[in-house]
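Visitor: What would the 3D arrangement of this be:
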Amino acid sequence: MITLNTGVRIQDRVGNNLYSTSLGNWWNALPGNGGTFDPKIIYDPYNDRWIMVTPSGSNSVDSKLYLGVSQTSDPLGDWNMYWINPDESNQTWFDYPSIGFNKKWLTISGNMFGNDFYRTVFVFDKMAAYNGDDNVDFTRFATSQGFTLVPSITYDNEVEDQYLISTSNGNSSGFGYIQKFKLDGPLDNPQFEYEGAIGIPEPWENGAGNQGNFLPQLGSSEKINSVDSRMENVIYRNGKLWATHHIFLPVNNPQRTAVQWWCLDTDGNILERGRVDDPTNEFSFAFATIAVNSKEDVFIGFDVFSETQYASAGYAYKSHYDEENSMREYFQYKDGLSPYYKTFGGGRNRWGDYSNTCVDPLNDLDFWTIQEYAEESNTATEWGTWWAYLRPAFQPETEFEADNILVPVGEAVNFQDNTLGVPNAWEWTFTGATTESSSSQNPEGIVYDTEGSFDVKLITSNIYGSDTLIKENYITTSSTILPEVAFEYDKSIVCLGEVVTFTDNTLYMPNQWEWQFNPSTVSFINGTDEFSQSPEVVFDEAGTYSVTLTAWNLNGSSELTKFEVIEAGGYQPYFNEDFEQGLDLRFWTVDNPDNENTWEILDLQGFGHGSYAAGINLHEYYDFTERDRLISPAINMEGMSNASLEFDHAYAKRYAQVTDSLIVLISEDCGLSWTRLLSLGDDGEGNFATHPLSTTLFIPSNLEDWCGAGYGSSCYSVNLDEYAGKSNIKFAFESYNANGNPIYIDNVHISQFVGVDESGNNMSDLRVYPNPSDGSFTIRVAKSQNYNKVEVVDMLGKIINKYDLNDKDISEITVKEDLKAGIYFVRLSGIDTFKSQKIIVY
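Guide: Residues are numbered from 1 along each chain as shown. Now for the predicted structure:
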């Protein structure tokens with residue numbers, strides 16, 4: 001996950017982009033997100049959470065600090081987001097955050113500018129933020145000591161205390177100093193203290209150049225801004241503190257920058273230190289970050305500057321085998337491509353300090369670093385960021401796997417080396433195979449031509465040593481084992497003409513396949529056919545399809561049939577959606593053109609509608625007039641002579657002058673084109689709203705907050721007779737944003753039967769829920785029309801049950817009958833009045 005002033009990007013491990021948005025959009029749910037800058041992100045491997053911080057507003061009135069934590073290890077999932085005012089007196093604004101954690105706290109520090117100048121440290125309750133508490137307790141500390149106090153990223157889930165390091169006076173009486181701080185105490189009462197300065201007799205300057213423009217580059221006399229010697233990050237590991245920053249050398253007349261790194265104990269004693277430096281002044285190294293793995297290998301990423309090259313990205317590495325105070329020769333992994341000059345109209349040639357280095361949480365061994373470089377540009381204003389990945393070498397820890405371990409006699413097995421420590425030699429022994437040994441890293445085609453169980457041995461080695469692993473009886477061969485057929489498909493509800501990919505997952509080394517479909521009205525595309533292992537298929541006619549796969553191996557064949565698994569042309573009504581299982585189960589999709597707030601699953605508080613509904617939170621959607629669509633799966637209405645669409649909704653206006661809108665659309669070609677069925681907006685009299693105007697966030701809290709029950713709008717039923725007999729039908733609920741309240745949609749029904757209201761009166765007198773039902777449901781009757789009797793009848797008019805009403809204002813009747821699946825009616829009657837409501841039993 002990459003966080004820059006320009007935006008936020010999430011990638012997979014091979015660099016494919018999974019998500020991109022602007023930095024302001026990322027914080028869209030929080031106020032004042034238009035002025036964001038200086039984002040930072042780290043990962044907590046003990047709780048598998050991403051932690052991101054960003055300031056907003058570079059003035060004392062608008063200054064805010066944002067904190068976000070992912071709810072899982074997946075940054076594409078939901079986040080808990082918070083904001084605070086860094087200075088309640090509005091005298092200063094917060095700049096340049098640094099972030100760390102330990103088992104108790106998330107700690108964010110920054111520099112305060114404006115009408116005063118000092119440093120702040122905010123200590124948050126970590127688990128409260130992880131749990132998504134509405135209000136996360138924090139403690140604010142202020143100090144005039146140091147500059148850019150950097151809290152430790154604590155790789156120890158037991159240690160109670162947390163430490164902070166900052167740069168101090170780099171050139172004082174022949175010494176250079178850094179400063180150390182400590183957080184201790186209980187979770188809810190942390191204590192912050194300055195523990196003192198740490199000096200070395202090798203001084204440095206904390207800055208140089210014209211407004212900081214100091215770093216040389218090829219092709220331009222304009223120097224790149226070097227900022228200052230502030231500390232960049234701090235790691236706590238195994239009772240040690242590792243820290244890094246860049247410094248200006250030599251003192252009194254700096255000619256270059258060097259990366260300086262430190263290793264301290266928790267008392268502030270220097271255990272190791274060193275520099276990545278070029279005393280010839282040809283190369284400067286700056287904007288460094290450090291990482292330390294479980295073996296105490298050290299990795300530092302930074303930028304490289306020189307008059308002989310464009311601004312580039314590099315790193316240096318120290319193995320735990322190496323001598324103390326040493327660092328290996330740096331490696332430049334991404335060359336700059338162009339001169340760089342970008343001042344934004346000011347005097348500084350600004351170079352974003354986009355540097356981060358971290359250990360891989362999957363194994364706590366490998367390293368990643370991301371650094372900035374000058375990108376190719378005709379205007380000399382472009383920059384980019386580039387990842388590097390390092391696997392440290394150490395005495396091997398041997399591991400391997402085979403692609404199959406139970407195989408037919410005569411089959412070939414492929415082996416993969418998974419050894420840690422970067423081995424460079426391999427010695428394989430394959431007992432019982434026709435090839436008895438191999439020196440390849442990943443041997444392929446190892447044939448076993450006799451029946452039995454056989455050992456596999458692997459010895460791996462490098463300059464640090466060797467390691468042997470024997471897996472006994474690892475490969476088993478059989479002359480009778482047949483394929484265990486298995487397959488999957490990427491879609492089960494499809495439009496006609498839509499491609500479905502089938503994937504063979506058969507076990508025991510299949511080598512031949514045959515696919516059959518019933519009915520057989522399918523076409524194979526993209527070079528595949530019925531004999532392909534994983535074919536791509538288009539279904540030509542609407543209907544329900546069964547799929548059979550027959551697979552062979554060297555011993556014979558097996559087959560598997562999955563009956564009625566593909567619905568081509570769409571679901572066949574009766575179709576009911578209550579959104580209790582989310583949007584994905586029945587293949588609902590969302591069209592979100594601006595990547596802002598959109599349709600999602602929202603929690604409900606009211607009874608009668610389950611726990612969830614589909615909805616869009618327009619209350620926190622600030623892009624007026626934007627439209628978003630919630631799109632149904634395909635529906636197949638072939639064979640139907642009439643049809644209807646019914647749904648429940650809940651909505652309250654936020655402003656008297658304007659209304660949000662809901663538009664219902666239909667498509668006859670699976671979403672390629674759309675026709676409007678219904679346009680709904682509130683006129684102030686409750687023609688669409690189901691609750692009176694609410695200036696606070698509207699969440700339906702009881703049944704009367706929904707259509708057809710209390711205030712305002714009845715529920716809507718749309719006649720679809722014009723579309724009966726067709727397949728490839730889709731529906732869409734389109735929102736039009738006026739920054740009002742959320743719109744909720746629930747209980748979407750598509751059936752061949754239209755709901756009945758024989759009296760024409762408002763249906764708030766009668767409510768039946770849940771509907772559809774398993775035969776157990778509640779009838780709710782308002783006593784506003786002198787009703788005295790309720791009957792449950794079937795489609796032929798036969799009375800299933802009858803209930804006399806009492807004299808209460810509202811009657812609730814619980815029906816528990818052993819009803820067969822079908823259509824029933826609840827009839828409500830009284831003197832000179834009658835009404836009925838359809839209920840479906842499944």
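Visitor: Make sure residue 343 is indeed in a helix.
Guide: No: according to DSSP: H, G, I helix; E, B strand; the rest coil, residue 343 belongs to no helix; its state is coil.
Visitor: Against residue 309, how distant is it?
Guide: Distance, residue 343 to residue 309, using Cβ to Cβ, to the nearest Å: 22 Å. The way it works is simple: take the backbone N, C-alpha and C, and place the C-beta from them, glycine included.
Visitor: backbone phi and psi for the closest residue to residue 175 other than its chain neighbours, please?
Guide: In this structure, residue 175 finds its nearest non-sequential neighbour in residue 199, 4.2 Å apart by Cβ to Cβ, 6 or more residues apart in numbering. Backbone torsions for residue 199, taken as degrees, to the nearest 10, come to phi -120, psi 160.
Visitor: in the sheet, who's paired with residue 199?
Guide: For residue 199, the beta-bridge partners are residue 177 (DSSP bridges).
Visitor: dump the residue contacts of residue 182.
Guide: For residue 182, the contacting residues are 161, 162, 163, 164, 192, 193, 195, by Cβ atoms under 8 Å, 6 or more residues apart in numbering.
Visitor: Let's see if you can find the most crowded of those residues.
Guide: Compared across the contacts of residue 182, residue 164 has the highest neighbour count, 29 neighbours, by other Cβ atoms under 10 Å.
Visitor: Is it correct that the residue nearest to residue 175 is in contact with residue 177?
Guide: Yes: in this structure, residue 199 is within contact of residue 177 by Cβ atoms under 8 Å, at 4.5 Å.
Visitor: doesn't residue 722 make contact with residue 729?
Guide: No: if you go by Cβ under 8 Å, residue 729 and residue 722 don't touch, sitting 10.9 Å apart.
Visitor: Any chance you could list what contacts stretch 267-278?
Guide: So stretch 267-278 is contacted by 180, 195-196, 198, 200, 240, 247, 249, 256, 258-265, 284-285, 288, 300, 302, 316, 324-327, 330 (Cβ under 8 Å, 6+ apart).
Visitor: Sorry, slip of the keys, the one I care about is stretch 402-413.
Guide: Applying Cβ under 8 Å, 6+ apart, the contact partners of stretch 402-413 are 414-416, 433, 444-451, 456, 474-479, 481, 508-509, 553-555.
Visitor: Pull out the buried positions in it.
Guide: Using 16 or more other Cβ atoms under 10 Å as the test for burial, stretch 402-413 gives 402, 407, 408, 409, 410, 411, 412, 413.
Visitor: Name the nearest residue to the third one, sequence neighbours excluded.
Guide: Meaning residue 408. Counting by Cβ to Cβ, 6+ apart, the residue nearest residue 408 is residue 554, at 4.1 Å.
Visitor: for this structure, where's the lowest mean pLDDT among helices and strands?
Guide: Sorted by mean pLDDT, DSSP states H and E, the helices and strands of the chain end with strand 833-841, the least confident at a mean of 72.
Visitor: Helices along the protein, start to end?
Guide: Under the criterion DSSP state H, helices of the chain are mapped to 23-26, 126-131.
Visitor: weakest of the ones you listed by average pLDDT?
Guide: With a mean of 91, helix 23-26 has the lowest mean pLDDT of those.
Visitor: Tell me how far it lies from the chain's centre.
Guide: Its chain's C-alpha centre and that of helix 23-26 lie 15 Å apart, by Cα atoms, centre = their mean, to the nearest Å.
Visitor: Show the secondary-structure elements that that helix is packed against.
Guide: Here helix 23-26 touches strand 7-11, going by 3 or more Cβ pairs under 8 Å, 6 or more residues apart in numbering; DSSP states H and E.
Visitor: And the strand it packs on, what's buried?
Guide: By neighbour count with 16+ other Cβ under 10 Å, strand 7-11 contains the buried residues 8, 10.
Visitor: contacts for that strand?
Guide: If you take Cβ under 8 Å, 6+ apart as the criterion, strand 7-11 is touched by 1-2, 17-23, 26, 39, 75-76.
Visitor: quick one: which of those is nearest to residue 395?
Guide: For the contacts of strand 7-11, the residue nearest residue 395 by Cβ to Cβ is residue 1; the value is 32.8 Å.
Visitor: What's the separation between that closest one and residue 38?
Guide: Counting by Cβ to Cβ, the gap from residue 1 to residue 38 is 16 Å.
Visitor: Likewise for residue 656?
Guide: Residue 656 sits 41 Å away from residue 38, going by Cβ to Cβ.
Visitor: Tell me which of these two has more neighbours.
Guide: residue 38 (21 against 9).
Visitor: Can you give me the distance of the more buried one to residue 230?
Guide: Distance of residue 38 to residue 230, given as Cβ to Cβ: 12 Å.
Visitor: cool, residue 634 as well?
Guide: Going from residue 634 to residue 230 by Cβ to Cβ gives 57 Å.
Visitor: more neighbours, the two?
Guide: More crowded of residue 634 and residue 230, by other Cβ under 10 Å: residue 634, with 26 against 20.
Visitor: Could you check which of residue 343 and residue 309 has the larger neighbour count?
Guide: residue 309 (18 against 14).
Visitor: Report the beta-bridge partner residues of that one.
Guide: Residue 309 has the following beta-bridge partners by DSSP bridges: residue 306.
Visitor: Tell me who's in contact with it.
Guide: Counting by Cβ under 8 Å, 6+ apart, residue 309 touches 217, 218, 335, 336.
Visitor: swap the cut-off to 10 Å and go again
Guide: Residue 309 sits next to 216, 217, 218, 219, 282, 283, 332, 335, 336, 374 when contact means Cβ atoms under 10 Å, 6 or more residues apart in numbering.
Visitor: Count the neighbours of residue 263 for me.
Guide: Counted with other Cβ under 10 Å, residues neighbouring residue 263 total 23.
Visitor: Please disregard the earlier target; I meant residue 511.
Guide: Residue 511 has 12 neighbours, counted by other Cβ under 10 Å.
Visitor: Give me the below-cutoff pLDDT ranges for the stretch 201-350 of the chain.
Guide: Scanning the stretch 201-350 of the chain for pLDDT under 70 picks out nothing.
Visitor: all strands in it, in order from the N-terminus.
Guide: Taking DSSP state E, counting those that start in this stretch to define them, one finds strands in the stretch 201-350 of the chain at 213-215, 224-225, 233-237, 240-249, 256-265, 270-276, 284-292, 298-306, 309-318, 331-334.
Visitor: Tell me which of those strands lies nearest to residue 821.
Guide: Checking the strands of the stretch 201-350 of the chain against residue 821 by Cβ to Cβ gives strand 284-292 as the closest, at 61.4 Å.
Visitor: Next, the angle from the closest one to strand 298-306.
Guide: Orientation check (axes from the mean of the first three to the mean of the last three Cα atoms, to 10 degrees): strand 284-292 against strand 298-306 gives 170 degrees.
Visitor: strand partners of strand 284-292, parallel vs antiparallel please.
Guide: Sheet pairing for strand 284-292, using DSSP bridges, gives strand 298-306 (antiparallel).
Visitor: What are the boundaries of the strands in the stretch 651-800 of the chain?
Guide: Using DSSP E, counting those that start in this stretch, the strands of the stretch 651-800 of the chain run over 661-667, 675-681, 716-719, 730-736, 743-751, 766-769, 776-782, 787-794, 799-804.
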